[in-house]
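[1] give me a model of this one.
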Amino acid sequence: MDSEVTVTLTDEEKTLLQRYSRFYKELNDGIRLPKTADQRRFVEVCYGRAGAESAHEIAWVKYKRIAAQERRDAALRLESQQSRMPEFEEVSHDPAVHG
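    Numbering: from 1, shown residues only. Okay, the predicted model is just below:
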């Protein structure tokens, strides 16, 4: 299953993300409109309508996969912690109940 594959970034990809992540995110989120053919293709990759080919596209796709996996892992940890928490009875603060 894809979610079980560990995705790692190369040094070049880390550098691209450090330098361009805001630009990538703005294109991805529709905040910035693509002005060039490369940027239009990047947006197509963001929406899954094209496969990542350029170094920029590959870095962004890998980053998004890593971020999604981290969100899933955090949700599972939270779910696990909540399942181990003791259950408490709900206490009424209504004076009529306590007489």
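[2] what about the helices in this structure?
    11-29, 37-46, 55-84, 95-98 (DSSP state H).
[3] and these: which comes nearest residue 5?
    Nearest of the helices of the chain to residue 5, taken as Cβ to Cβ: helix 55-84 at 8.7 Å. Backbone N, C-alpha and C define where each C-beta goes, glycine included.
[4] name the residues of that closest one that are buried.
    By neighbour count with 16 or more other Cβ atoms under 10 Å, helix 55-84 contains the buried residues 56-63, 69.
[5] try stretch 11-26
    Those buried within stretch 11-26 under the rule 16+ other Cβ under 10 Å are 13, 16-17, 24.
[6] by mean pLDDT, flag the weakest helix or strand of the chain.
    helix 95-98 (a mean of 67; mean pLDDT, DSSP states H and E).
[7] in TSV, list the buried residues of helix 55-84 along with distance to residue 30.
    Below are the buried residues of helix 55-84 laid out as TSV (distance: Cβ to Cβ, whole Å):
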residue	distance to residue 30
56	17
57	17
58	21
59	20
60	15
61	17
62	21
63	18
69	24
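[8] before we move on, the earlier item: turn the helices of the chain into TSV, including distance to residue 5.
    As requested, the helices of the chain are exported to TSV (distance: least, Cβ to Cβ, whole Å):
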stretch	distance to residue 5
helix 11-29	16
helix 37-46	19
helix 55-84	9
helix 95-98	55
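[9] and the buried residues of helix 55-84, which is closest to residue 50?
    The closest of the buried residues of helix 55-84, once distances to residue 50 are taken by Cβ to Cβ, is residue 57, at 8.2 Å.
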